[in-house]
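Asks: The sequence and its predicted three-dimensional model are supplied below.
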Amino acid sequence: MKQVVQNYKSGELAVLDVPVPGCKPGGVLVRTAYSLISTGTELMKVSEAGMSMLGKARSRPDQVAKVMQSVATNGVPATYRKVMGKLDSYTPLGYSLCGVIEQVGTGIDDVKVGDLVACAGNEHALHAELNWVPKNLYARVPDGLAPRHAAFGTVGSIALQGVRQGEPQLGEVALVIGLGLIGQLVLQLLSASGVRVVGVDPDPVRCELAERLGAAACGDPASAAVEAAVAELTGGHGVDQVYLAAGGGSNQPVELAARLCRDRGRVVDIGKCRLDLPWNAYYEKELDVRFSRSYGPGRYDPAYELDGRDYPIGYVRWTERRNLACFLDLLARGSVDVEPLVSHIADFDDAVETYQRLQDGGLKAVAVLFRYPEHKGEAAAPAVAVPAVRRSGGVSTPVRAAKAPVRLAFVGAGNYATSMLLPHLAQRDGVELSTVVTTTALSAANAQRKFGFAEATTDLDAVLGDTSVDAVFVVTRHSSHAELTRRALLAGKSVFVEKPLALTEDELTGVLAAVEESGNDRLQVGFNRRFAPLLQEARKRFGTRTGPASLRYLVNAGRLQHGSWYLRQGTEGSRFVGEGGHFIDTASCLLGADPVSVYAVATPGNEDLQVVLRYPDGSTATISYVTTGPSGFPKETLDLVADGRVLRLDDFVRTSVHGPKKWVSSRLPQARDKGQNAQLAAFIKAVRTGGPMPVPLESLVATTSATLAVQAGLVGGAPVKLVRAR
């Protein structure tokens, strides 16, 4: 493999071929996708390596002291050999990256091969194609976060730990001195915390960038504009906190901090600047000077970093690993934006030239990323397995007598169940609402009163064991769908589960294992759009295709309200995993097949997704899932083009077919009909008669696998094959 190294004696930079690190217990082997150059810390190290021996000694007096101690203990000749040997060796560069786990060491059970992780550490997150990273120095990347953004995880943790040391509170005013990479991140974190920020930097370009990212004002440290802004924002009292994110040998930052800080304010040193504190100024204001030690608690502790011994959360809330995970979460939720900080992305093979351009000023940058070549092994062609449906287990569900009422139980009675499903079932002939199960007694009682359930309970086992219940509706939060479906199938019930069927491949496999074990394949997922009357009519009018089709599906999903449980990606999956199956199923229904590959790309922060599906006959479907559109624009518009004809769907209000003859439906007089009622009718009929389920189980599995493959496509940046298991 290749790795960027530097000879500290000569200053030489090189990309060397070195052995692949072994995957030791307690850690993972990570193939790097992007690594970040810290334009402050790393360039300082690179610059020091280019100095004379005297210059090196002047820049590192701490190391000179160690040498003098060694001379006193071991003598000059031995110390000289030791120092020269160390200097004349290659040392690594880098400490912040994002990559894909290639191998998992023993003792690791929180991640698996193929997971995308952000990694930290100047001995473990190096500019190298492969790195071994111990457990407490990596964190899983949230669904939807771009790898190049996740590569900022370590420097983001440094900024985050600095902000924590300042203990900001809502409404305070802070001063950030130094608007390089760390300073820009500190500024955004403070703004996200409800703090107004004034930035200081001699570079007007960085000041302008900081103002775009949320600073109230920015300026040169010598300008009167900064002092005027502080006076205006604080009523003349001075800022509550100062964050020193500057480097260099000037004492100006600490002097400016004292001048602009309020009485008993806090000064936090994050960078590496000169700290000759002016005693009178700091004494008179009784300023609280604090230091921020790198990524957070655990840093420099071998037991934590190498041995994997975590600190109890009750005693140490924010360790360096928790800081890393927290920063990734802030990125994923859009609270911090690193895309404007990316000045340049260089191919890893051009690493030496990139460092040289940064050092000589040819490349002026806040942040620079190395992009690594795509691995040519098995991972170069990512694939997601579509599990096979096997029915070799027990006895299938018996056929019901046609005249007996179908007895239904509902697990969950939230907004969707009570607004879109139960109103269609409550007055339906041949249906009896038997039992409603919820986690809270009152919600069960409300559903019983409103829709006429015979019983209300919080005991799921009692319902699954009730032989008189024919079908179970699973209408709970996404994280519980697969497990509840599995249990209901094993209990011999027909199951209607709202989308998604599963959040992971393992969950999907578990559902199918229940089908095989029980012989019960009576399952329907709430993909209702294929049942919409307008779409059914338009499909009939369009007729049979003879050639491949192109389908475009625009979903103007809109933004979710703050606090929505849909945003809890850690437990409920990404938003597309939760909803995207609707649109993939609709496309597959119209194209008459299941997809064979998925390609997905996204805008920064994964706010808007483009998902391209390929089908066996060469047809393609492009789903544009956007959250940044206007609320007044229709949510769903679809166009299907093939054989000189176009089928158009306008938000389930009107459809049309254009070809040799034009057909336009009547506009719906009232609410949109997205097929819920027709879907429920088809499901109840199948349960009552014992006939086939409305959608074959193989198609439900294929749609779920395709939905899960979207995340794999976002991570890998390449089409993902959907491989049918046999």
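Replies: In hand now; what should we look at? In this text, all values refer to a predicted model and were calculated from it rather than measured experimentally.

Asks: Going by C-alpha atoms from here, please, whenever you check contacts or count neighbours.
Replies: Noted.

Asks: Not counting stretch 409-427 itself, show me its contacts.
Replies: 431-439, 443-444, 447, 451-452, 460, 463, 469, 471-476, 676-677, 680 (C-alpha atoms under 8 Å, 6 or more residues apart in numbering).

Asks: among those, which are in strands?
Replies: The strands, defined by DSSP state E, take in Val431, Glu432, Leu433, Ser434, Thr435, Val436, Val437, Ala471, Val472, Phe473, Val474 from these.

Asks: Leaving out chain neighbours, which residue sits closest to the second one?
Replies: So the one you mean is Glu432. Distances taken as C-alpha to C-alpha, 6 or more residues apart in numbering place Arg407 nearest to Glu432, at 4.7 Å, with adjacent residues excluded.

Asks: how about the one you found, what does it touch?
Replies: Contacts of Arg407 (C-alpha under 8 Å, 6+ apart): Val431, Glu432, Leu433, Ser434, Ser468, Val469, Asp470, Ala471.

Asks: picking up where we left off before, for Val117, state which of the ones in strands among the contacts of stretch 409-427 is nearest.
Replies: Closest approach between these and Val117, by C-alpha to C-alpha: Val474, at 32.9 Å.

Asks: Nearest residue to the closest one in space, please, no chain neighbours.
Replies: Val497 is the one closest to Val474 (C-alpha to C-alpha, 6+ apart), at 4.6 Å.

Asks: Run through the stretch 401-550 of the chain and note the low-pLDDT ranges.
Replies: 401-403 (pLDDT under 70).

Asks: residue boundaries of the strands in it?
Replies: 406-411, 431-437, 455-457, 471-474, 494-497, 523-525, 550-556 (DSSP state E, counting those that start in this stretch).

Asks: Does anything pack onto the longest strand belonging to the chain? Which helices or strands?
Replies: Longest strand in the chain, counting residues (DSSP E): strand 27-37. On a contact count with 3 or more C-alpha pairs under 8 Å, 6 or more residues apart in numbering; DSSP states H and E, strand 27-37 meets strand 96-104, strand 130-134, helix 147-150, strand 367-371.

Asks: Tabulate the ones you listed (a markdown table), appending mean neighbour count.
Replies: Putting the helices and strands packed on strand 27-37 into a markdown table (neighbours: other C-alpha atoms under 10 Å) gives the following:
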| stretch | mean neighbour count |
| --- | --- |
| strand 96-104 | 26 |
| strand 130-134 | 26 |
| helix 147-150 | 26 |
| strand 367-371 | 23 |
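
Asks: For Trp279, which of the strands of the stretch 401-550 of the chain is the nearest?
Replies: In terms of C-alpha to C-alpha, the element of those nearest to Trp279 is strand 550-556, at 59.6 Å.

Asks: in the closest one, what counts as buried?
Replies: Neighbour counts over strand 550-556 (16 or more other C-alpha atoms under 10 Å) mark Ser550, Leu551, Arg552, Tyr553, Leu554, Val555, Asn556 as buried.

Asks: can you list contacts of it?
Replies: By C-alpha under 8 Å, 6+ apart, the residues outside strand 550-556 that reach it are 583, 587, 619-630, 633-642.

Asks: rerun at 6 Å
Replies: The contact list for strand 550-556 (C-alpha atoms under 6 Å, 6 or more residues apart in numbering) reads 619-626, 635-641.

Asks: Show me those residues that map onto strands.
Replies: Filtering the contacts of strand 550-556 for strands - DSSP E - leaves 620-626, 636-641.

Asks: Can you pull out the low-pLDDT segments for the stretch 601-726 of the chain?
Replies: Confidence mapping of the stretch 601-726 of the chain against pLDDT under 70 gives the ranges 605-606, 668-671, 716, 726.

Asks: which stretches of it form helices?
Replies: 676-689, 697-716 (DSSP state H, counting those that start in this stretch).

Asks: Please name every helix or strand in contact with the longest one.
Replies: Read it as helix 697-716. Counting contacts by 3 or more C-alpha pairs under 6 Å, 6 or more residues apart in numbering; DSSP states H and E, helix 697-716 packs against helix 575-591, strand 597-602.

Asks: In CSV: those, plus mean neighbour count and distance to Glu507.
Replies: Below are the helices and strands packed on helix 697-716 laid out as CSV (neighbours: other C-alpha atoms under 10 Å; distance: least, C-alpha to C-alpha, whole Å):
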stretch, mean neighbour count, distance to Glu507
helix 575-591, 22, 13
strand 597-602, 23, 20
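
Asks: Which stretch among the ones you listed approaches Ala151 most closely?
Replies: Ala151 sits nearest to strand 597-602 of all those, at 16.8 Å, using C-alpha to C-alpha.

Asks: what are the pairing partners of the closest one, and which direction each?
Replies: Using DSSP bridges, the strands paired with strand 597-602 are strand 609-614 (antiparallel), strand 720-724 (antiparallel).

Asks: hang on, the earlier thing: so which of the strands of the stretch 401-550 of the chain is the most surrounded?
Replies: Comparing the strands of the stretch 401-550 of the chain by mean neighbour count (mean count of other C-alpha atoms under 10 Å), strand 471-474 comes out on top with a mean of 27.

Asks: what's near enough to touch the most centrally placed residue in the chain?
Replies: The chain has Pro142 as the residue nearest its centroid, 2.7 Å off, counting by C-alpha atoms, centre = their mean. Contact analysis of Pro142 by C-alpha under 6 Å, 6+ apart lists nothing.

Asks: okay, now Gly717: neighbour count?
Replies: Residues contacting Gly717 under the criterion other C-alpha atoms under 10 Å number 18.

Asks: From Glu374, how far out is it?
Replies: Distance, Gly717 to Glu374, using C-alpha to C-alpha, to the nearest Å: 9 Å.

Asks: Kindly report the same for Leu442.
Replies: To Glu374, Leu442 is 54 Å away according to C-alpha to C-alpha.

Asks: Same check on Val268?
Replies: 41 Å.

Asks: Neighbour count: these two, which is higher?
Replies: Val268 (23 against 14).

Asks: Can you read off the backbone torsions of the more buried one?
Replies: Dihedral pair for Val268: phi -110, psi 120, per degrees, to the nearest 10.

Asks: cool, Gln165 as well?
Replies: Taking degrees, to the nearest 10, you get phi -60, psi -30 for the backbone angles of Gln165.

Asks: Near it, how many other residues are there?
Replies: Counted with other C-alpha under 10 Å, Gln165 comes out at 19.

Asks: what pLDDT does Ser392 get?
Replies: Note on Ser392: pLDDT of 60.
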